[in-house]
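In: I would like to see how this sequence folds:
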Amino acid sequence: MDAERLIVAGRGGLAESRVALDIVAEAWQAQALAQAIGRHLALYGPPELRNDARGLSEIGGRGGTVPDHPGLRGGGVRAARLTDVSDVRGTLRALGALLGEVGMALVGVACATDEEGLYWQCIEAIDAADESSDRVRVMLRRLTARHSGRPPEPPELKELTDLSADLSTDLTDAAGSVDSVDSVAGPS
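Out: The predicted structure is shown next:
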């Protein structure tokens, strides 16, 4: 199955997740997909992306251990169905969006839980999603530079400041949505 279709399925699964364990399972699915896309691009992608793609495949594998979750046993790991990355740029953009949504959802779970193990699992997965997002942004910059004929530029300070402001806003929004996760999940 094409990577973009798997990403759409992942975004849908995350959007439908109503309890903390389902969100964590979808975060794991997204990291497994990032790993699979990285591995595919390392083997078959544009030459200038192969090192970064290899790095993405390694980061994707750090997203935490496989949760013992009925949703994973029933539907299996979506990433195992990856057969093609037909549009590299579109796939990387969609993967970046999915990883951002996963990070925000995990922040909500981490803020809402009283369970220390779940909290630290979320923190580890947030870190992996953030590192994967960084790698995806680097690959997108390399593709842009390739098409414009100039070497890739490092991110500028303004871009980093804007990302920091966006993350601060996202964290505030996620903390506000914690009550909705608690109300659906019920008392701990």
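
In: who's the closest spatial neighbour of Asp52, skipping the chain neighbours?
Out: Nearest residue to Asp52, sequence neighbours excluded (Cβ to Cβ, 6 or more residues apart in numbering): Met139, at 4.9 Å. All C-beta atoms are positioned from the backbone trio N, CA, C, and that covers glycine.

In: do you know the pLDDT at the one you found?
Out: Confidence at Met139, expressed as pLDDT, is 96.

In: for it, grab the count of nearby residues.
Out: The number of residues packed near Met139 is 29, by other Cβ atoms under 10 Å.

In: for it, what is the enclosing helix or strand?
Out: Met139 is part of helix 116-148 when elements are defined by DSSP states H and E.

In: go on, Arg18?
Out: Judged by DSSP H and E, Arg18 forms part of no helix or strand.

In: okay, now it: neighbour count?
Out: So Arg18, with other Cβ under 10 Å, has 12 neighbours.

In: got the phi/psi numbers for it?
Out: phi -120, psi -20 (degrees, to the nearest 10).

In: related to what we said a few turns ago, return the list of helices and strands in contact with the helix holding Met139.
Out: In terms of contacts (3 or more Cβ pairs under 8 Å, 6 or more residues apart in numbering; DSSP states H and E), helix 116-148 is packed against helix 20-44, helix 50-60, helix 88-112.

In: between it and helix 20-44, how many degrees?
Out: 30 degrees (axes from the mean of the first three to the mean of the last three Cα atoms, to 10 degrees).

In: thinking again about what came up before, who touches the residue nearest to Asp52 in this structure?
Out: Met139 is in contact with Leu41, Leu49, Asp52, Ala53, Leu56, Leu92, counting by Cβ atoms under 8 Å, 6 or more residues apart in numbering.

In: which of the helices and strands packed on helix 116-148 sits closest to Cys122?
Out: helix 88-112 (3.8 Å; Cβ to Cβ).
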